[in-house]
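S.K.: here you go, sequence then predicted model.
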Amino acid sequence: MKVDKIIVFVILPLSLMIGLVLLFYPQPANQSAKLDNIGTTYYAGSYKVQLKLSPDKPRVANNTLSFLIRNEQDEPVSNTQINAMAIMPAMGTMPEMRERVEIETQSNGVFQGQFSLPMNGSWPLSIEIDSPDLGKAKLSLDMNTSRAGLKLIAATASDMDPEQMQVAASEQLDALNVDSYRRQLIGVTTSEVLYLNLVKIIHAGARVNYDETRIFDINLKYDAWIGTLYADFVGKKISKGEPLFTLYNAELVSAQDEYLSSLKRKNTGPYSLQKAARSRLERLDISSAEIRSLAKRGQVIEYIPMLSPGKGTVIEKYIVAGAAVKAGERLLRIADLSTVWVEGDVYEADLPWIKLGMQAKVSFPEVPEQVYSAKVNFIQPVLNTDTRTAIVRVSIANPGGLLRPGMYARLDLQVDLGERFVVPEQAVIYSGEQRVVFLDQGEGRLQPRKIKTGLRNDGYIEVLDGLKLGDVVVTSGNFLIAAESKFKSGLAQW
């Protein structure tokens, strides 16, 4: 009974007093613990910045931005100065618009900002943080009235090395947002960075020439007179064994008579008179067919026919009927045009790519639909010092004679470069020595990216640095995007 009274009159009142003290006694504020989950945490230098946008989808009216700023040890950062600005980039004739975020300190490490947006669209958010202990930092975030939440574009800190600062600053300053309506309006299309088999095409001006291995001259080993001239004009086609002209020479008449006389005698010994007479005719370039005709005819003729040793077309003629000619003079030049050479002038810079046996294509301006395939069979070993070019040659069959020496042609040499990273050539913007593309980072955000380019071919250009497989780049409308964002004026800062 005494125990019950003690519990009722002593312990219960004491417990009640302790509860009241705990309930009404002021507890130390721990705002950072309450705000641990207000939003996404972003890292900038030595800061951990947690942000919450209210409403989550910004509107054309008043909006609230809550901050929780801590150090790397998760301790709230005091004595911090924050500047924040929502900036709509200039578009065409419309100037840039800025809306300041008015920030007030709520408690240690907790801040709240108010801002109002005058119109719908993209309003990238720039936040600068400065404290005596941790220094300066800057964040750029994507904010759009058509989309909920914030998305980090870049975060920089003053303790970054100069190269990192330059890269980060360029990303932060030059990033822009193009909503779906504007993308459709200016015709924006995109393409992924691809890994393709690249073929370099070397174009060279060329011309058709004679196949020099199929040219032969007609001349004599003695003085003579031309009788009948059968190959009487340049361009005449000649068959092998066909008479070119007849000729008179006293030694030829004597050699015929001697041969006919030897046929009437019985020749004995290792080297008969008949063989000697026949050999003399052959040394005077009388063909075996004509010698057989002489033996069958049994009669000397004054004008002996000179037969063609091969087929071809007369390309040079230096005689007429009745002309007197000297020994060794060129009388006719005949070329076989069933095969011709196509010789292109290739510039010095392209010569290292060219190898014997590589594939080539030949086309002609007069017959653009006709394309010939060939292989390189000659590369000139010396360079023309005036034009800085060397001749590269291919051979083409010409059975119909459609290809005529002197015709202009185009020689395309195909160099297989293997698989390489490429983007469509129209995706690349050229500004002096700079090569830049717009990287599509999704949700309307476009990021100018400086790249290093290599070889070009068939609508693609090789990317040596600046992009990776799977990146998406803008392929059309990029010049309008560059103009709207004043992109070119900022290139000098890169």
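M.R.: Structure's in. What do you need?
S.K.: where does the prediction get shaky in the stretch 301-450 of the chain?
M.R.: 443 (pLDDT under 70).
S.K.: can you show me the helices along it?
M.R.: When secondary structure is read from DSSP state H, counting those that start in this stretch, the stretch 301-450 of the chain shows no helices.
S.K.: in which helix or strand does residue 59 reside?
M.R.: Per DSSP states H and E, residue 59 falls between elements, in no helix or strand.
S.K.: count the residues that sit near it.
M.R.: Neighbourhood size, residue 59 [other Cβ atoms under 10 Å]: 11. Glycine gets a C-beta too; all of them are placed from N, C-alpha and C.
S.K.: so it versus residue 117, what's the distance?
M.R.: 7 Å (Cβ to Cβ, to the nearest Å).
S.K.: which neighbours do those two have in common?
M.R.: Overlap of the contact sets of residue 59 and residue 117 (by Cβ atoms under 8 Å, 6 or more residues apart in numbering) consists of residue 145.
S.K.: can you list the buried residues in stretch 247-256?
M.R.: Taking 16 or more other Cβ atoms under 10 Å as the neighbour-count basis, stretch 247-256 is seen to contain the buried residues 247, 249, 252, 255-256.
S.K.: let me fix that: stretch 219-238
M.R.: Buried positions in stretch 219-238, judged by neighbour count with 16+ other Cβ under 10 Å: 220, 224, 226-227, 229, 231, 236, 238.
S.K.: from start to finish, how long is that stretch in a straight line?
M.R.: Counting by Cα to Cα, to the nearest Å, you get 16 Å between the two ends of stretch 219-238.
S.K.: from now on call the first residue 13
M.R.: In the new numbering, first residue 13, that becomes stretch 231-250.
S.K.: coming back round to it: just put the buried residues of stretch 259-268 in CSV and tack on distance to residue 368, secondary structure and pLDDT.
M.R.: What follows is the buried residues of stretch 259-268, written out as CSV (distance: Cβ to Cβ, whole Å; DSSP: H, G, I helix; E, B strand; the rest coil; pLDDT from 0 to 100):
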residue, distance to residue 368, secondary structure, pLDDT
259, 44, strand, 92
261, 47, coil, 88
264, 48, helix, 86
267, 49, helix, 87
268, 51, helix, 86
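S.K.: among those, which one sits closest to residue 387?
M.R.: Minimum separation from residue 387 among the buried residues of stretch 259-268 (Cβ to Cβ) is found for residue 259, which lies at 43.3 Å.
S.K.: could you measure from the closest residue to that closest one other than its chain neighbours over to residue 467?
M.R.: In space, residue 259 comes closest to residue 236 once its chain neighbours are excluded; the distance is 4.3 Å by Cβ to Cβ, 6 or more residues apart in numbering. Per Cβ to Cβ, residue 236 is found 62 Å from residue 467.
S.K.: could you do residue 382 as well?
M.R.: Here the criterion is Cβ to Cβ. By it, residue 382 lies 28 Å from residue 467.
S.K.: ok, back up a step: give me the phi and psi angles of the residue nearest to residue 259.
M.R.: Main-chain dihedrals, residue 236, degrees, to the nearest 10: phi -160, psi 170.
S.K.: residues contacting it?
M.R.: Taking Cβ under 8 Å, 6+ apart as the criterion, residue 236 is in contact with 259-261, 264, 336-337.
S.K.: about what we covered before: so which of the buried residues of stretch 231-250 are in strands?
M.R.: Among those, the members falling in strands (DSSP state E) are 236, 238-239, 241, 250.
S.K.: among those, find me the one that's closest to residue 50.
M.R.: residue 250 (98.5 Å).
S.K.: wait, the closest one sits on residue 329?
M.R.: No - taking contacts as Cβ atoms under 8 Å, residue 250 lies outside contact range of residue 329: 11.4 Å.
S.K.: which residues do these two both contact?
M.R.: When contacts are counted by Cβ under 8 Å, 6+ apart, the set common to residue 250 and residue 329 consists of residue 243.
S.K.: mind checking how far residue 165 is from residue 287?
M.R.: As defined by Cβ to Cβ, residue 165 lies at a distance of 101 Å from residue 287.
S.K.: again with residue 422
M.R.: Applying Cβ to Cβ, one obtains 58 Å for the distance of residue 422 from residue 287.
S.K.: these two: who's more crowded?
M.R.: residue 422 (17 against 13).
S.K.: would you check that the more buried one makes contact with residue 214?
M.R.: No - the pair residue 422 and residue 214 does not pass the contact test of Cβ under 8 Å, sitting 11.0 Å apart.
S.K.: quick one: pLDDT of the residue nearest to residue 259?
M.R.: Reading off the per-residue confidence, residue 236 sits at a pLDDT of 93.
S.K.: which strand residues bridge it?
M.R.: residue 337 (DSSP bridges).
S.K.: now residue 468
M.R.: Beta-bridge partners for residue 468, by DSSP bridges, are residue 473.
S.K.: isn't it up against residue 442?
M.R.: No - distance between residue 468 and residue 442: 11.7 Å, which falls outside the contact criterion (Cβ under 8 Å).
S.K.: more neighbours: which of these two?
M.R.: residue 468 (15 against 9).
S.K.: could you check how far that one is from residue 88?
M.R.: Using Cβ to Cβ, one obtains 55 Å as the distance from residue 468 to residue 88.
S.K.: same question, residue 415
M.R.: In this structure, residue 415 and residue 88 are separated by 86 Å, where distance is defined by Cβ to Cβ.
S.K.: what's the offset of stretch 303-312 from the middle of its chain?
M.R.: The chain centre lies 72 Å from the centre of stretch 303-312; the measure is Cα atoms, centre = their mean, to the nearest Å.
S.K.: neighbouring contacts of that stretch?
M.R.: Stretch 303-312 is contacted from outside by 265, 268-269, 271-272, 275, 290, 293-294, 313, using Cβ under 8 Å, 6+ apart.
S.K.: can you give me the buried ones in that stretch?
M.R.: 303, 306, 312.
S.K.: pull out the buried positions in stretch 367-377.
M.R.: Neighbour-count burial for stretch 367-377 flags 370, 372, 374-376 (criterion: 16+ other Cβ under 10 Å).
S.K.: give me the contacts around it.
M.R.: The contact list for stretch 367-377 (Cβ under 8 Å, 6+ apart) reads 218, 354, 382-391, 406, 408, 415, 419-427.
S.K.: tell me the buried residues within the residues you listed.
M.R.: Judged by neighbour count, with 16+ other Cβ under 10 Å as the criterion, the buried members of the contacts of stretch 367-377 are 218, 354, 384, 386, 388, 406, 408, 415, 419, 421-425, 427.
S.K.: circling back to that earlier point, so which of the buried residues of stretch 303-312 are in helices?
M.R.: Those of those mapping onto helices are 303, 306, per DSSP state H.
S.K.: most widely separated two among the buried residues of stretch 231-250?
M.R.: Between all members of those, the longest pairwise span (Cβ to Cβ) is found for 236 and 248 and amounts to 21.0 Å.
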